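Engineer: next input, structure requested:
(chains A, B, C, D, E and F)
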Number of protein chains: 4
Amino acid sequence: MKKSKPKYMQIIDAAVIAIAENGYHQAQVSKIAKQAGVADGTIYLYFKNKEDILISLFEEKMGNFIEKIDQMIAGKGTATEKLLMMIEAHFSMLYEDHHLAIVTQLELRQSNKDLRLRINNVLKGYLQVIDKIILEGIETGEFSPDLDVRLARQMIFGTIDETATSWVMNEEKYNLLALASPVHRLLINGCGFGRLVE
Amino acid sequence: MKKSKPKYMQIIDAAVIAIAENGYHQAQVSKIAKQAGVADGTIYLYFKNKEDILISLFEEKMGNFIEKIDQMIAGKGTATEKLLMMIEAHFSMLYEDHHLAIVTQLELRQSNKDLRLRINNVLKGYLQVIDKIILEGIETGEFSPDLDVRLARQMIFGTIDETATSWVMNEEKYNLLALASPVHRLLINGCGFGRLVE
Amino acid sequence: MKKSKPKYMQIIDAAVIAIAENGYHQAQVSKIAKQAGVADGTIYLYFKNKEDILISLFEEKMGNFIEKIDQMIAGKGTATEKLLMMIEAHFSMLYEDHHLAIVTQLELRQSNKDLRLRINNVLKGYLQVIDKIILEGIETGEFSPDLDVRLARQMIFGTIDETATSWVMNEEKYNLLALASPVHRLLINGCGFGRLVE
Amino acid sequence: MKKSKPKYMQIIDAAVIAIAENGYHQAQVSKIAKQAGVADGTIYLYFKNKEDILISLFEEKMGNFIEKIDQMIAGKGTATEKLLMMIEAHFSMLYEDHHLAIVTQLELRQSNKDLRLRINNVLKGYLQVIDKIILEGIETGEFSPDLDVRLARQMIFGTIDETATSWVMNEEKYNLLALASPVHRLLINGCGFGRLVE
DNA sequence: CATGAATGAGTGTTCATTCAT
DNA sequence: CATGAATGAACACTCATTCAT
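Structural biologist: Here you go, the predicted model:
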């Protein structure tokens, strides 16, 4: 299988660096090849075209992350605790890989609609993990029984994503990891004191 | 001033339509010119370059919106009520202009980093409105006194944005306006029952 | 109309020269543009793509020739005389335009099958002229009444084409025009004395 | 010698099939290798380069044909009869090998000028056979004593070639073999009744 | 003010050939 | 002898911008 070939990951890792350092549109195939230490043509032995590199990049990195999260939260713990673990894992992944953070939060978003749709497909796995936690929280009584799952998921993902993007845009000046806990508290408690009745 | 010229807005409106219908990368200057009913060269009498059209587009549309919001929440009402008004105004704007929704939520995001940074500059005005509401809420005791303003703002904006983007991506199948109230409740209350202590 | 623009013919003429001097596969678009004294991009204001230049080239040059022939033989004269006029006109066209001879007899033949099919479409007009002469010859009793029109046409065209190609391949060492009359006699009389009975 | 190795012909036959089925420009070396059941690199143990495969293909197939013709007409018979035998042999060869017909009549013609010059070199052997028949016909009085041998040869070859090419282009809808006799009669008698005097 | 013809820089991809195994 | 992974040169086409009219 392709993925067992060492050059497959070598090229993907090179793409992350090339895109992070040059920007999405300035990361030409030849630049990625050079970064990977292979010839331009070699790229096409492992990827169908340039877009395929980007899809694969996202699938490998995000796919791995989702699997990791999935296993992590499979064990014991409340839904509330699981949500915290997930946020920490997410922030940790970005915190530990500077290049990857830039690529996923900024550069990959300027891909065209088709590519974004395929990226969203990968993201679905992540959203399903969030949904799983929400449903569990409702069942155990931790979360409000009339919580709209879709909206809750959008709040959780939107908040995490916006926090991460702001951090990257601010050139990672502060410690993203330290934000996991307060972000988590916000998501659980909201801004107010739960006194809202409509 | 440029903006007093009728062709200025004519071109911006044409750009919204051209981008919404063709996608960001397929909305060539010549297509925008054609849609606006002017010659290609005329564009450059009103805008410095293509990027300037996009910036101006965002400034005009979002700037108007921010002003409107600012006036709207200047009147009486609690912070909680103001937040709801803001969300409703935001969703309403997208709901009422199909093309604009596509352009701001999907297409304009695939601009390059430089352009996005300048767009974010426009967004700062919006974020300041959010901040104003949060601070007011803390002062009045509606919101938790130890709320991290930056994080709360990121949650609010992230949630609203993610909800809007999901709606556009789902081809606007459901009524976005109806989501304003539940989204608002979520932001105020969070997922749980405020019992989290860390 | 495109063809009224001077640059249209300017580019076609440049293509003839560029192809004749560099060969079909070495006549890059940029070389044609340079020869025509225009920018690369200008080519695409007048032609859909590179193949379109070649099709148009053939249509313009051969199309004109066919029209000329058609008018020429419309007047008086026997079929036999008309055939001679046609051969003379054909050889004359090649003889007078060294570059065109190379392009039509050698270079354009190495185009791909699709292009060749479209070129053949243009040639159909020429073959129809030949057919017209043959049919007239049969009617007037100049030609054998049981002549197979398709085969006769293939003999006439094949002989003319082979003669011209050989002449170009031999670097035009001898006078092609002088061959019109003997070729004509051959086509009318064949190799033998008409004594063949089968 | 190369030719004694079984893989030599194996590759040539594979080339004929690959070119006939995919077209000249789509018959990559790797496709020929796959068709031949050998590795890409193996090709280069038997041929200097890709062009060498094509030359060799033509030499093998056409060379064999020329030898066969040469022997065939060495026996008794008039020049007129020999010409018929040659046409029949030529048409028969194409008729019996569908792939070869496509390759020699259509695909190989889109090779570059150099390759075509070398192919013409192989063809010289064929043209010499034609010349031999013509000279014999003149000697025996079958053909006109003032026949221009070169032109007669060009008529004979051009007619045969054009007839064959038309047949292939028309997807071999009709029986090529049946055309040998009428084509032969045409070449001997010409279109008219031999009454032409100039 | 307005036009639109002309410009020309920039890049993903193919495929014949090589050579270490 | 045979393999097939790796190489890297080469090129058509787009489109934001200009400027003579």
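Engineer: going by C-alpha atoms from here, please, whenever you check contacts or count neighbours.
Structural biologist: Fine.
Engineer: can you tell me the residue of chain A closest to DNA strand F?
Structural biologist: At 3.1 Å from DNA strand F, A:Gly41 is the closest residue in chain A, using C-alpha to the nearest atom of the strand.
Engineer: ok, the closest residue to A:Gly23 other than its chain neighbours - how many residues close by?
Structural biologist: Excluding its sequence neighbours, the residue lying closest to A:Gly23 (C-alpha to C-alpha, 6 or more residues apart in numbering or on different chains) is A:Glu107, at 6.2 Å. Residue crowding around A:Glu107 was assessed by other C-alpha atoms under 10 Å in any protein chain shown; the count is 22.
Engineer: now A:Lys76
Structural biologist: The burial count for A:Lys76: 9, using other C-alpha under 10 Å.
Engineer: now do the same contact list for it.
Structural biologist: Taking C-alpha atoms under 8 Å, 6 or more residues apart in numbering or on different chains as the criterion, A:Lys76 is in contact with no other residue.
Engineer: now it, what's its secondary structure?
Structural biologist: Classification of A:Lys76 into helix, strand or coil gives coil, according to DSSP: H, G, I helix; E, B strand; the rest coil.
Engineer: give me phi/psi at it?
Structural biologist: Taking degrees, to the nearest 10, you get phi -70, psi 170 for the backbone angles of A:Lys76.
Engineer: OK, contacts around the most centrally placed residue in chain A?
Structural biologist: If you average the C-alpha coordinates of chain A and look for the closest C-alpha using C-alpha atoms, centre = their mean, you land on A:Met62, 5.5 Å from that point. Listed by C-alpha under 8 Å, 6+ apart, the contact partners of A:Met62 are A:Val122, A:Leu123.
Engineer: quick one: what helix or strand has it in it?
Structural biologist: Assignment of secondary structure by DSSP states H and E places A:Met62 within helix A:50-72.
Engineer: distance between that helix and the chain's centre?
Structural biologist: Here helix A:50-72 is found 8 Å from its chain centre; the criterion is C-alpha atoms, centre = their mean, to the nearest Å.
Engineer: how many neighbours does A:Glu81 have?
Structural biologist: Residue neighbour count, defined by other C-alpha under 10 Å, stands at 14 for A:Glu81.
Engineer: state the distance from it to A:Glu88.
Structural biologist: As judged by C-alpha to C-alpha, to the nearest Å, A:Glu81 and A:Glu88 stand 11 Å apart.
Engineer: and if you look at A:Ile66?
Structural biologist: Between A:Ile66 and A:Glu88 the distance, using C-alpha to C-alpha, works out to 13 Å.
Engineer: now swap in A:Ala39 and tell me
Structural biologist: Distance check for A:Ala39 against A:Glu88: by C-alpha to C-alpha, it reads 39 Å.
Engineer: between the two, point out the one with more neighbours.
Structural biologist: Set side by side, A:Ala39 and A:Glu88 show more neighbours around A:Glu88, with 19 against 14, by other C-alpha under 10 Å.
Engineer: quick one: the helix or strand of chain A with the lowest mean pLDDT near DNA strand E?
Structural biologist: Of all helical and strand segments in chain A, the minimum by mean pLDDT, DSSP states H and E falls on helix A:113-140, at a mean of 89. No. Contact of helix A:113-140 with DNA strand E (C-alpha under 7 Å from any atom of the strand) is absent, the minimum separation being 12.8 Å.
Engineer: good, wrapping up.
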